[in-house]
Each structure stands twice: as C-alpha cells, then as structure tokens.
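[1] I would like the atomic coordinates for the input below:
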Amino acid sequence: MKKIAIFVMYNIVVVLSLFISLELIIRSTLPEIKPYATDKRILVDSMYYDSRGLKPLSAGYSNEVLVKVDRLGFRKCSTPIDKLKRSWLLLGDSITMGIGVENDSTFACIIQNQVDSLNILNPSVIGYAAKDYMNVSKYFVIDKVYNLDIRRVIIFWCLNDVYFTLSDIETPGGHLRYLLGDFLKFLRLNSRFYLFIKNLVFDRPKSYYNFDERFYSEDDPEFVKSIDKIIEISQLCSKQNIDFHIVVLPYEYQLRNPNSLIRKPQKIISTRLMNEGITVLDPMEFFRDTSKESKEFFLYGDGMHLSNTGHRLLAEFVIKSLIESQKDIRPN
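    Next up, the predicted model:
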C-alpha cells in the first residue's frame with residue numbers, strides 16, 4: 001500500500017512539474033497569450049436604464065491591459081472630450097470597447113486623437129447587443145445627458161449581437177462551461193498553457209462563426225428582433241437630425257476564407273437595412289486587401305476581438321469612409 005502511495009505521489013509531482021515547466025515556456029515565448037477577464041470594478045449596473053456601463057473615473061484591467069474611463073463614462077483617450085466640438089457616438093460591445101488593447105490603441109481613440117474637430121464617444125461595454133444600443137442611444141440622443149452635440153451615431157455590429165434570448169449554455173462550449181465552469185474559469189485566468197493547447201486543438205473562430213451565421217435568415221426570430229431594434233435606433237436619430245450608420249465587423253474565419261458564401265451575414269443584414277434607407281458599411285475587403293494574415297488582426301486565439309493591428313486598420317477604414325469624404329472634417 002505504501003509503495004502504491006509513493007508511486008501515485010511521484011507521478012503527481014512529475015505531472016505538475018511538467019505542467020509548470022510548459023506553463024513557464026509558453027509565458028516566456030508567447031507573451032501575446034492573455035487571460036480572458038475584465039475587472040468588474042470598471043462596470044456599473046443600470047447606468048443606461050437597465051443596461052450596465054463603464055463606471056466614470058474608474059480604472060481596471062481587461063485581458064491584462066489597463067482600461068481607464070473618463071468622467072463621462074467613456075473609455076479615456078489622450079485627447080479629452082471637448083463639449084464645444086461636435087460628437088460621434090459609437091455603439092458596440094467588447095470589440096468596440098477594445099478589450100486586450102491599450103486605451104490609445106483602440107480604433108475609437110485613434111480617431112479621437114487624429115481628428116481635431118470631433119469628439120469620439122465610446123461607452124461600449126462587453127456583452128452589449130441591440131437592446132443595449134437602444135438604451136445608450138436614448139440616454140444620449142433623447143435625454144441629451146451631458147448636453148453633447150451628437151451629429152452621428154454608429155453601431156459597430158458584431159455578428160453575435162443578433163442574440164436576444166439565447167442563453168450561454170446554447171452557445172459553442174456552453175454545456176462544457178455549465179459542467180466545468182469554475183474549473184475552466186480558473187484555467188482561463190491562470191494558465192497560458194491551457195489557452196495555447198485550446199487554440200492548437202480547436203478552431204474556435206470557425207466554431208463561433210458557423211454558430212452565429214445560422215441566425216442570419218430573414219425569418220429567424222433573433223434576426224428579426226435585432227433588425228427591428230436597429231431600425232428603431234435609426235428612426236430615433238432621424239427625428240433628431242442625427243446621421244446613423246452601421247459597420248458590420250468581420251470575423252477572423254471570414255477573412256481567411258475566400259469563399260463568397262462566407263459573407264452571408266453581411267449580405268443579409270446589408271440588404272435588409274439598406275431597404276430601410278440605412279447606410280451599412282462593410283470593411284471586410286478593406287481588411288483583405290492588406291498583405292497580412294487574418295490572425296494578425298485579432299487577439300491570440302480569438303476570432304472576434306481585434307488586436308492593435310486590427311484596431312489601427314478599422315480606424316483607417318472609418319476615417320476614409322466617413323471623415324475624409326466630408327469637406328468640413330479633416331484628420332490632423
């Protein structure tokens with residue numbers, strides 16, 4: 001019995017030593033691998049009606065990158081908000097919020113720091129969807145909180161924003177997270193080796209795209225509800241003489257796949273909204289026209305969230321599409 005116990009303990013020590021060694025190797029050779037976590041101290045519930053928001057004058061880490069929030073509840077840029085300038089309100093989820101990217105490296109702050117005549121207001125928060133975009137729009141456009149001169153509202157639409165009633169357990173990996181939630185959360189927060197192996201074994205960007213793509217159908221109830229909410233926001237802006245646009249963001253799997261069918265979600269949402277007179281911008285070809293590999297535009301192992309490179313390119317796309325075309329607005 002004693003020999004069995006020694007044998008078991010020996011093997012446990014060997015496995016733990018091997019795991020720790022591999023963990024240290026991954027941390028030293030692949031610093032771009034970051035844990036997926038956002039400090040709850042930068043978030044506040046019911047800031048925009050029943051939607052949470054960024055807590056004013058707070059700071060905390062998201063994917064090990066420091067996020068600073070200004071006094072108005074926008075992600076802070078080196079160039080502060082000036083109420084004497086006209087403003088653009090950006091609506092988006094964690095992609096627009098810029099998790100894993102320094103404040104001034106987000107596409108919102110790149111534009112804010114380059115265009116003297118504009119305020120770029122970025123109240124975006126992880127987990128936002130169409131319902132939250134409506135709440136934020138009402139807060140700033142109807143209630144006119146802070147009395148900002150908002151001239152344009154832009155939704156930066158992630159394909160998973162289409163969810164209205166979907167539970168987490170129904171999303172890719174949801175059942176496994178339900179069964180091993182605490183254990184997997186511990187690994188995500190503490191083990192770079194786990195994230196490395198996960199990315200090596202599974203093509204999560206493909207899985208998430210294939211899952212989200214199936215909701216983009218004219219008769220899908222989730223899609224219908226989302227489109228109705230976007231139209232409602234557009235009408236709200238129109239009544240206030242505010243321009244409204246939507247930018248449909250690409251997934252990594254779409255950028256690496258030349259098949260034209262991979263653009264199905266963008267085509268469906270563009271056709272539907274353009275029939276309502278809503279301007280839809282699609283930066284997919286703008287991204288593809290570069291000489292870079294698709295993975296360079298996204299965080300490690302992530303098929304949605306943009307890297308520094310992705311944010312720079314998206315900022316360039318917005319400047320070319322919506323700023324350089326206007327004679328009275330020029331970047332520095």
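
[2] in stretch 284-293, what counts as buried?
    Within stretch 284-293, the residues that qualify as buried by neighbour count (16 or more other CB atoms under 10 Å) are 284, 286-287. From N, CA and C alone the C-beta is placed, and that goes for glycine too.

[3] what's across from residue 280 in the sheet?
    In this entry, residue 280 is beta-bridged to residue 246, by DSSP bridges.

[4] Please tell me how far it sits from residue 272.
    Distance, residue 280 to residue 272, by CB to CB, to the nearest Å: 9 Å.

[5] re the thing from before, kindly present the buried residues of stretch 284-293 as CSV, with separate columns for secondary structure.
    Listed next are the buried residues of stretch 284-293 as CSV, based on DSSP: H, G, I helix; E, B strand; the rest coil:
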residue, secondary structure
284, helix
286, helix
287, helix
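
[6] Any idea how many residues pack against the closest residue to residue 40 other than its chain neighbours?
    Distance criterion CB to CB, 6 or more residues apart in numbering; nearest residue to residue 40, sequence neighbours excluded, is residue 60 at 7.7 Å. Neighbour count for residue 60, taken as other CB atoms under 10 Å: 16.

[7] now residue 231
    Using other CB under 10 Å: residue 231 sits among 16 other residues.

[8] again with residue 233
    Other residues close to residue 233 by other CB under 10 Å number 23.

[9] so it touches residue 242, yeah?
    No - in this structure, residue 233 is not within contact of residue 242 by CB atoms under 8 Å, at 10.1 Å.

[10] so what's the backbone phi/psi at the residue nearest to residue 40?
    Dihedral pair for residue 60: phi -170, psi 180, per degrees, to the nearest 10.

[11] quick one: it from residue 72, how far?
    With CB to CB as the criterion, residue 60 and residue 72 are 17 Å apart.

[12] show me what contacts residue 293?
    Residue 293 is in contact with residue 256, counting by CB atoms under 8 Å, 6 or more residues apart in numbering.

[13] next one: residue 215
    Counting by CB under 8 Å, 6+ apart, residue 215 touches 162-163, 222-223.

[14] nearest to residue 44, of the residues you listed?
    Distance to residue 44 across the contacts of residue 215 (CB to CB) is lowest for residue 163, with 22.6 Å.

[15] What's the local residue count around the closest one?
    19.

[16] same deal with residue 276?
    Residue 276: 12 surrounding residues under other CB under 10 Å.

[17] Tell me what the residue nearest to residue 40 is bridged to.
    Assessed by DSSP bridges, residue 60 has beta-bridge partners residue 67.

[18] that older thread, list residues touching both of residue 233 and residue 242?
    residue 153.

[19] Name the helix or strand of this protein that has the lowest mean pLDDT.
    Here the helix or strand of the chain ranked lowest by mean pLDDT, DSSP states H and E is helix 174-190, holding a mean of 70.

[20] can you give me how far the following helix or strand past that helix is from the chain middle?
    Proceeding N to C from helix 174-190, the next assigned helix or strand is helix 192-201, under DSSP states H and E. Relative to the centre of its chain, helix 192-201 is centred 21 Å away, using CA atoms, centre = their mean, to the nearest Å.
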